[in-house]
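[1] Using only what follows, build the 3D model:
(one chain, ligands or ions: 1)
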Amino acid sequence: MSTRRDSREKGPTTKVIQALSSALGSDPYAPIVTPIYRTAPFMFPREDSPMIRGRPYKYSREDNPTIVTLEKAITILEEGEDTLVFNTGMAAISTLLFALLGPGDRVVATREAYGSTLHLLKELERWGVKVVLAGPDSGDIASEASKPGTKLVFVETITNPLLHVTDVPEVAKAARESGAILVVDNTFATPILFRPLRHGATLVVHSLTKYMAGHNDVMGGSVTGPASIVSDRLWEWRKIMGTTMDPEQAFLVARGLKTLEIRVKRHCENALKIAEFLAEHPKIREVYYPGLPGNPSHSVAKRLFPSGMYGGVVSFRVRGGRNEVLKLMRRLTLVKPSPSLGAPESLLAYPVESSHSSLSPEERKALGITEDLVRLSVGLENYEDIIEDLDQALSAL
Ligand code: PLP
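    Predicted coordinates for the structure are as follows:
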């Protein structure tokens, strides 16, 4: 007899903690936490069983139990069939693009994609890939994505630094019309806010360096999607490009994942309080946060993120421009100047000098990235303390 209890699905954090701790249950000295398999080769051949990816384990550039355990946990979170992890987010993105693209292929990418992703796409033009930049408006991306001959569409759930939320279902519908592969970089949203594969994406990528690992102490990347792409062609390309994650990294990312849900909730709660504080501050010209009702992405965000959480990053324009921004950075004590995001420490980035420094001033202006714009990755500190620090530094401008 099936009871309501039998049919209830476990929550994502329960499933992740289970996946990361019970993988070695048959070991007579079974550890609770999957250990670091600090070995390059394994004893091989060991069994008659057919090879699936790099298993039975043979060599750590192909597969390693510590990284496979992490991959299973990410697969659960993103609701895919399989995951591969890489040594950085850019290793994941470059392996993916090299594996799936060839000369003559048409790629549509959001013009607000991460700077190194855009740089890589530009380099791929030398190999005959045709790159079309579109957006950030989702309708514009969808109209390019639906054009016949499109091979791959690359978007980000929440873009950097102006935090536009992409209408992934709309873009997915357009990509289906042209038969294109839709890749969604879900780094800023995390699967706690949004699961792109549920909404029509083919593949979801992460810079695990950010919220997924979550502690500013390890780098990593991942790709999740159907086994027919991930376990086959992408796995072969990870092997030949040598972009596999190291087991030491995998251990740290796995440790971070167990607290992903509670950390993301706190990041989001803090970010909303700080966005509301900044929106009222006389030294601030404009605040960008999809959780604010006046934000242009608020209605899409409300539809796509039913949890009512809108991410841990808040961008804003400081009245007065560059000099005032630099003064602000010098006066902050708790918030540190730094280009990364998604970890316990609140960090303030200056996009004109970090993520978008390789663009010309005209290109930056077209994207709305000017000298008065800063991006705050709201940390896990008590929000009253972050606000106090911002307030003392802003009031001195
Ligand atoms: N995707 C996004 C949205 C990012 O913000 C970043 C890095 O900041 C990357 C990809 C690249 O990840 P990594 O720095 O881990 O190579």
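[2] only C-alpha atoms for contact and neighbour calcs from this point on.
    OK.
[3] Close to the ligand: what parts of the stretch 151-300 of the chain are there?
    By the rule C-alpha under 6 Å from any ligand atom, the part of the stretch 151-300 of the chain lying against the ligand is T187, S207, T209, M219, G220, G221.
[4] Farthest-apart pair in those, please.
    By the measure C-alpha to C-alpha, these have their two most distant members at T187 and M219, which lie 12.7 Å apart.
[5] Comparing these two, which shows the higher neighbour count?
    Here T187 and M219 are compared on neighbour count by other C-alpha atoms under 10 Å; more neighbours surround T187, at 25 against 21.
[6] For that one, grab phi and psi.
    Torsion angles at T187 (phi, psi; degrees, to the nearest 10) stand at phi -60, psi -50.
[7] what touches both of T187 and M219?
    Shared between the contact lists of T187 and M219 (criterion: C-alpha atoms under 8 Å, 6 or more residues apart in numbering) are residues S207, L208, K210.
[8] Go through these and say which is closest to E286.
    The shortest gap between E286 and any of the shared contacts of T187 and M219 belongs to K210, at 25.3 Å (C-alpha to C-alpha).
[9] need the strands for the stretch 151-300 of the chain, in chain order.
    Counting by DSSP state E, counting those that start in this stretch, residue ranges of the strands within the stretch 151-300 of the chain are 181-185, 203-207, 221-225, 284-288.
[10] Do me a favour and average the pLDDT over the second one.
    It stands for strand 203-207. In this model, strand 203-207 carries a mean pLDDT of 98.
[11] and what of the last one?
    The average pLDDT within strand 284-288 is 97.
[12] so what strands line up beside that strand?
    Strand pairing for strand 284-288, determined by DSSP bridges: strand 313-318 (antiparallel).
[13] And for the first one?
    The pairing partners recorded for strand 181-185 under DSSP bridges are strand 150-156 (parallel), strand 203-207 (parallel).
[14] Give me the angle between the shortest one and strand 221-225.
    Angle of strand 203-207 versus strand 221-225, following axes from the mean of the first three to the mean of the last three C-alpha atoms, to 10 degrees, is 170 degrees.
[15] Make a markdown table out of the strands paired with strand 181-185 and add mean neighbour count.
    Shown next, in a markdown table, are the strands paired with strand 181-185 (neighbours: other C-alpha atoms under 10 Å):
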| stretch | mean neighbour count |
| --- | --- |
| strand 150-156 | 26 |
| strand 203-207 | 27 |
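[16] Let me have these in TSV, adding distance to T244 as columns.
    Formatted as TSV, the entries for the strands paired with strand 181-185 read as follows, by distance: least, C-alpha to C-alpha, whole Å:
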stretch	distance to T244
strand 150-156	22
strand 203-207	14
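[17] Which other helices and strands does the helix or strand encompassing K122 contact?
    With the criterion set as DSSP states H and E, the secondary-structure element containing K122 is helix 115-124. When contacts are defined as 3 or more C-alpha pairs under 8 Å, 6 or more residues apart in numbering; DSSP states H and E, helix 115-124 packs onto helix 89-100.
[18] so what's W237 up against?
    For W237, the contacting residues are T95, F98, A99, taking C-alpha under 8 Å, 6+ apart as the criterion.
[19] Buried only: go through these for me.
    T95, A99 (16 or more other C-alpha atoms under 10 Å).
[20] out of the contacts of W237, who's nearest T243?
    Within the contacts of W237, proximity to T243 (C-alpha to C-alpha) peaks at T95, which comes in at 7.4 Å.
[21] now that closest one: how far from G225?
    T95 sits 14 Å away from G225, going by C-alpha to C-alpha, to the nearest Å.
[22] Including distance to E384, could the contacts of W237 go into JSON lines?
    What follows is the contacts of W237, written out as JSON lines (distance: C-alpha to C-alpha, whole Å):
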{"residue": "T95", "distance to E384": "42"}
{"residue": "F98", "distance to E384": "46"}
{"residue": "A99", "distance to E384": "47"}
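[23] Quick check: the residue nearest to I158 when sequence neighbours are not counted vs the ligand, distance?
    With C-alpha to C-alpha, 6 or more residues apart in numbering as the criterion, I158 has its nearest non-adjacent residue at 4.6 Å, and that residue is V165. When distance is defined by C-alpha to the nearest ligand atom, to the nearest Å, V165 is 12 Å away from the ligand.
[24] Could you count how many residues lie near V165?
    Burial of V165, expressed as a neighbour count using other C-alpha under 10 Å, amounts to 27.
[25] quick one: which helix or strand includes P339?
    Element membership for P339 (DSSP H and E) is empty, with no helix or strand holding it.
[26] Please consider this matter closed, and thank you.
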